[in-house]
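Enquirer: Build me a structure from this.
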Amino acid sequence: MVGVVRVYTDGSYKNGYVAYGFAIYGRGYFGNPYVYVARATTSLQNVEAELRAVIAALKFLKANFGKLRNVPVLICHDLDAVRDIPRNVKAQNRNPFFKRYAEEINGLCQAMECKLVFEKVRGHYHELHNKIDRAVRKKLNEACAMIG
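Expert: The predicted model follows:
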């Protein structure tokens, strides 16, 4: 596998539920959104959703590509915590969800032998990011409407 794998992530919270997803560009993937909905497990609301999106994307890459052998995985996000928490031991020590997030990211990157790079995109100003944002919000609204 050669080149950069670009992954746009996003998450949202509504009425006790989180929706999170990602879209991959490169190596045969053209930005089809993968979106999931779950009951929130923390009080972090959209932060929980945004962090779950990164983990879901990395798990997908591991399942579909295995070892990436130093291929950069560029995570395009709109929330600084996505990038900052894996490096912030104080935050990890204060919040078990943050600690699990950092550990899971590190473990997945080690297993795939990839280099994780983060790029902040301005929310609602980048069309590729907007595509996953719309898909996440739609899925979350549909799920909340079904649940009542």
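Enquirer: ranges for the strands of this structure?
Expert: For the chain, the strands defined by DSSP state E occupy 5-14, 17-26, 29-39, 72-77, 115-120.
Enquirer: other SSEs contacting the fourth one?
Expert: The contact analysis (3 or more Cβ pairs under 8 Å, 6 or more residues apart in numbering; DSSP states H and E) places strand 72-77 against strand 5-14, helix 46-65, helix 80-84, strand 115-120. For glycine as for every other residue, the C-beta is placed from the backbone atoms N, C-alpha and C.
Enquirer: residues near residue 11, how many?
Expert: Burial of residue 11 is recorded as 30 neighbouring residues (other Cβ atoms under 10 Å).
Enquirer: Now do the contacts for it.
Expert: Residues near residue 11 by Cβ atoms under 8 Å, 6 or more residues apart in numbering: 18-21, 46, 48-53, 79, 136.
Enquirer: how about TSV for those, with neighbour count, pLDDT and distance to residue 3 added?
Expert: Output for those, formatted as TSV (neighbours: other Cβ atoms under 10 Å; pLDDT from 0 to 100; distance: Cβ to Cβ, whole Å):
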residue	neighbour count	pLDDT	distance to residue 3
18	28	98	31
19	27	98	29
20	29	98	25
21	26	98	23
46	18	97	31
48	21	98	31
49	27	98	29
50	25	98	25
51	29	98	26
52	24	98	26
53	30	98	22
79	20	95	26
136	26	97	26
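Enquirer: Which of those residues sits closest to residue 144?
Expert: Nearest to residue 144 out of the contacts of residue 11 is residue 19 (Cβ to Cβ; 9.1 Å).
Enquirer: Would you agree that closest one is in contact with residue 34?
Expert: No - using Cβ atoms under 8 Å, residue 19 is not in contact with residue 34; the gap is 11.4 Å.
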